[in-house]
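Student: Next comes the sequence, and after it the predicted model I'd like to discuss.
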Amino acid sequence: MNKMIRLTGNSINNGLFIGRALHIEVHEHSIERNSIFPEDVDKEISRFLDAIAVVDTEISYDINNTRISDRDLDIIASHRDILHDPELFSMVSTAIREKLQHATVAIQDCFTAIVEKFEALSVESFALRAADYRDVGTRLLNTLTGFSETLPESLGSDKVPIFAEMTPSMVGRLANAKIGAYLSSKGSYNSHASILTRALGLVAIANISNLKDVVQNDDLLIVDGDEGKLIINPDEETLDYYVQKVQVEELLRQRLEKLKASASLTSDGQKITLYANIGIPEELEGITNLGCDGIGLFRTEFLYLSRQTLPSEDEQYEIYRLMAERMAPTPVTIRTFDLGGDKLAPLGLEGAEENPYLGNRGIRFSLAHHDIFHTQLRAILRASAHGNVRIMFPMIIDVEDFNEAKHIFNHCQEELYSEGVSFNSSIELGAMIEIPSAALEADSLAKACDFLSIGTNDLVQYTLAVDRNNDNVSRYYIQHHPAVLSLIRQTILSAAKFKTPLSVCGEMASLPHYIPLLLGLGVRELSVNPSNYFTVKAIVQKCDHELFQLLSRFDFSGSVQDIEELIYKDLKHYYQI
Ligand code: PEP
Ligand code: MG
């Protein structure tokens with residue numbers, strides 16, 4: 001029996017899939033490099049025109065056959081614009097006529113030149129454009145060389161295809177072939193291919209190092225898109241666990257329609273506010289379809305991770321305004337940039353830090369870079385005129401920290417007021433509770449803030465001194481550790497004392513087995529991953545008076561094992577759905 005191996009990468013889309021590995025080789029085209037005779041020029045140009053017509057038909061087929069949203073259809077439709085770009089046509093036909101090149105060579109050279117020009121600009125939007133050109137160029141070459149990028153016959157819906165890099169057209173083809181998941185060695189969350197992946201509901205992980213060498217064809221794989229983890233040849237216990245998880249997901253999926261119309265109430269009638277977390281604007285469409293109570297966390301730093309420049313005030317304003325309008329009247333909680341830690345590299349503003357997670361991260365980064373903070377606050381304030389916008393500061397350590405941020409916010413308000421720009425002057429300001437000191441000082445923060453939100457991902461990391469991204473110490477990353485629960489309870493009590501709304505927006509709020517625990521502790525607002533939204537809602541609806549009674553009597557000063565017994569035994573029936 002092969003040894004079980006775990007690899008990690010970047011999740012492109014949530015979900016779980018179990019299947020057998022199949023490496024997909026994308027072959028190089030064989031291109032005729034010799035010159036053509038002058039009398040063959042017209043023939044080569046007409047081959048080029050024929051190829052355009054074939055690819056045009058292929059694009060129409062994709063548009064009509066995929067289950068994608070209007071917005072994402074635009075991406076595919078934009079490939080048709082590239083295909084019929086008159087400038088490109090003139091570039092290729094001039095190369096055929098003047099350099100006596102075969103159509104294939106002319107296409108390859110022209111497209112390569114354009115792609116390289118876009119890539120040299122090192123701006124994410126141009127990188128996306130480059131990928132679109134590469135995709136169209138490949139389709140034309142496939143047509144001309146008779147090379148078909150059709151999927152291999154052995155690729156059935158039980159397989160997990162593995163690619164070096166994904167293209168938007170390949171994503172469309174996988175979805176049409178009813179493939180449930182894929183892996184790629186290279187990829188970015190914001191690429192068009194990734195956007196389409198989410199729109200089409202494929203589970204996917206990218207940037208898995210050693211993927212090509214470690215995974216063999218036909219290995220059994222568990223693709224855990226929720227965690228960005230790949231498990232190769234799982235042992236029986238791990239496989240059983242994931243098989244069950246997949247079954248739960250499937251069951252829930254079938255209940256979606258029913259749950260959408262139902263209220264988010266516990267079985268004894270208590271309202272639990274359910275917000276969604278959002279990372280990039282492309283997710284908005286899906287979130288508006290959930291019928292949730294609003295957005296509880298917008299991780300705005302995703303707007304410029306992987307690009308070299310910061311979005312301008314106007315660019316940010318457009319995004320925030322769109323979200324505010326689409327989600328109105330429900331709130332959109334915009335968290336100011338949580339840069340630093342592992343999320344700084346592309347900006348090159350800071351030298352390397354020895355302990356980046358303890359360094360210039362979150363609100364500290366914003367306070368150290370007034371221009372960036374100021375631009376963002378102005379953009380959010382302007383958007384607040386168009387809906388129900390709230391502002392939340394990350395990595396707050398105490399009330400002074402919050403007040404310093406608020407001071408700059410006040411200044412932005414005054415500035416906009418004097419410029420005659422409209423904004424919501426009673427916009428709510430909140431703090432994240434994700435550093436132990438903030439939880440310990442929750443009383444003063446609850447008093448000063450309009451709302452609070454517990455970021456359990458970092459609260460666990462900082463309470464237990466365990467890097468949330470380091471697999472080597474993951475056994476110490478115990479989200480239900482009594483020390484963590486004690487800080488959560490303290491925050492809940494402080495929020496209740498000052499009647500300050502409090503949510504939990506870290507991963508704990510999305511994990512089924514923690515929902516009864518959090519509700520039983522007194523949490524009444526959860527902000528969850530959109531893909532877990534209905535799971536969470538179903539669990540909320542099962543929670544009852546008995547749960548609250550049980551947890552009010554429970555002694556949380558015990559050991560981790562005591563708490564595990566509570567979660568995995570006494571509370572199990574609440575999250576087993
Ligand atoms: C958290 O720390 O729990 C949180 C929600 O913020 P992030 O995961 O973006 O650090
Ligand atoms: Mg955090």
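Tutor: It's in. Ligands and ions are numbered 1, 2, ... in the order given.

Student: Buried ones in the strand or helix carrying residue 462, by neighbour count?
Tutor: Using DSSP states H and E, residue 462 falls within helix 456-463. For helix 456-463, a neighbour-count test (16 or more other Cβ atoms under 10 Å) marks 456-463 as buried. Where C-beta positions appear, they are placed from N, C-alpha and C, glycine not excepted.

Student: now swap in stretch 204-215 and tell me
Tutor: For stretch 204-215, using 16+ other Cβ under 10 Å, the buried residues are 204-208, 211, 215.

Student: Quick one: mark the members of these that sit in helices.
Tutor: Residues of the buried residues of stretch 204-215 located in helices (DSSP state H): residue 211.

Student: What parts of the stretch 151-300 of the chain come near ligand 1?
Tutor: Counting by Cβ under 6 Å from any ligand atom, the stretch 151-300 of the chain comes close to ligand 1 at 297, 299.

Student: same thing but 8 Å
Tutor: Applying Cβ under 8 Å from any ligand atom, we find that the stretch 151-300 of the chain lies next to ligand 1 at 277, 297, 299.

Student: Look up phi and psi at the nearest residue to residue 157 once chain neighbours are set aside.
Tutor: Using Cβ to Cβ, 6 or more residues apart in numbering and skipping the chain neighbours, the partner closest in space to residue 157 is residue 178 (4.6 Å). Main-chain dihedrals, residue 178, degrees, to the nearest 10: phi 60, psi 30.

Student: what's the answer for residue 386, then?
Tutor: With angles defined as degrees, to the nearest 10, residue 386 sits at phi -110, psi 10.

Student: got the contact list for it?
Tutor: Neighbouring residues of residue 386 by Cβ atoms under 8 Å, 6 or more residues apart in numbering: 321, 324-325, 328.

Student: Surely residue 521 is in contact with residue 488?
Tutor: Yes. When contacts are counted by Cβ atoms under 8 Å, residue 521 is listed as touching residue 488 (6.2 Å).

Student: Neighbour count: the two, which is higher?
Tutor: Taking neighbours as other Cβ atoms under 10 Å, residue 521 and residue 488 compare with residue 488 leading, 28 against 20.

Student: and that one, helix, strand or coil?
Tutor: helix (DSSP: H, G, I helix; E, B strand; the rest coil).

Student: isn't it right next to residue 440, touching?
Tutor: No. When contacts are counted by Cβ under 8 Å, residue 488 is not listed as touching residue 440 (11.9 Å).

Student: which one of the buried residues of helix 456-463 sits closest to ligand 2?
Tutor: Minimum distance to ligand 2 across those is 3.7 Å, recorded for residue 458 (Cβ to the ion).

Student: returning to what we had before: how deep is the residue nearest to residue 157 tucked in, by neighbour count?
Tutor: For residue 178, the neighbour count with other Cβ under 10 Å is 8.

Student: repeat for the one 4 residues further on
Tutor: Number of residues near residue 182 (other Cβ under 10 Å) recorded here: 29.

Student: Run the chain-centre distance for stretch 286-294.
Tutor: Put simply, stretch 286-294 sits 16 Å off its chain's centre (Cα atoms, centre = their mean, to the nearest Å).

Student: For it, which outside residues touch it?
Tutor: The contact list for stretch 286-294 (Cβ under 8 Å, 6+ apart) reads 198, 260-261, 264, 273-276, 278, 295, 326-327, 330-333, 388, 530, 533-534.

Student: Now the buried members of the residues of the stretch 151-300 of the chain next to ligand 1.
Tutor: Buried by 16+ other Cβ under 10 Å: 277, 297, 299, out of those.

Student: just checking, which of those residues belong to strands?
Tutor: 277, 297, 299 (DSSP state E).

Student: can you redo the residues you listed as TSV with pLDDT?
Tutor: Listed next are those as TSV, based on pLDDT from 0 to 100:
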residue	pLDDT
277	90
297	96
299	88
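
Student: Nearest to residue 548 among the buried residues of stretch 204-215?
Tutor: For those, the residue nearest residue 548 by Cβ to Cβ is residue 205; the value is 38.3 Å.

Student: so that closest one bridges to which residues?
Tutor: Beta-bridge pairing of residue 205 under DSSP bridges involves residue 11, residue 183.

Student: what residues are up against it?
Tutor: Here residue 205 is in contact with 9-12, 183-184, 223-225, 228-230 (Cβ under 8 Å, 6+ apart).

Student: now do 10 Å
Tutor: 7-13, 160, 181-184, 187, 211, 223-225, 227-230 (Cβ atoms under 10 Å, 6 or more residues apart in numbering).

Student: which among these end up buried?
Tutor: Neighbour counting by 16+ other Cβ under 10 Å classes 7-9, 11-13, 160, 181-184, 187, 211, 223-225, 228-230 among the contacts of residue 205 as buried.

Student: how close does whichever residue of the stretch 151-300 of the chain sits closest to ligand 1 get to ligand 2?
Tutor: When scored by Cβ to the nearest ligand atom, the stretch 151-300 of the chain has residue 299 as its residue closest to ligand 1, at 5.1 Å. Counting by Cβ to the ion, to the nearest Å, the gap from residue 299 to ligand 2 is 9 Å.

Student: I'd like to know how many residues surround residue 325.
Tutor: Counted with other Cβ under 10 Å, residue 325 comes out at 12.

Student: what's the helix or strand harbouring it packed up against?
Tutor: According to DSSP H and E, residue 325 maps onto helix 313-327. Other elements packing on helix 313-327 under the criterion 3 or more Cβ pairs under 10 Å, 6 or more residues apart in numbering; DSSP states H and E are strand 273-278, helix 284-288, strand 295-299, strand 331-335, helix 370-383, strand 388-393.
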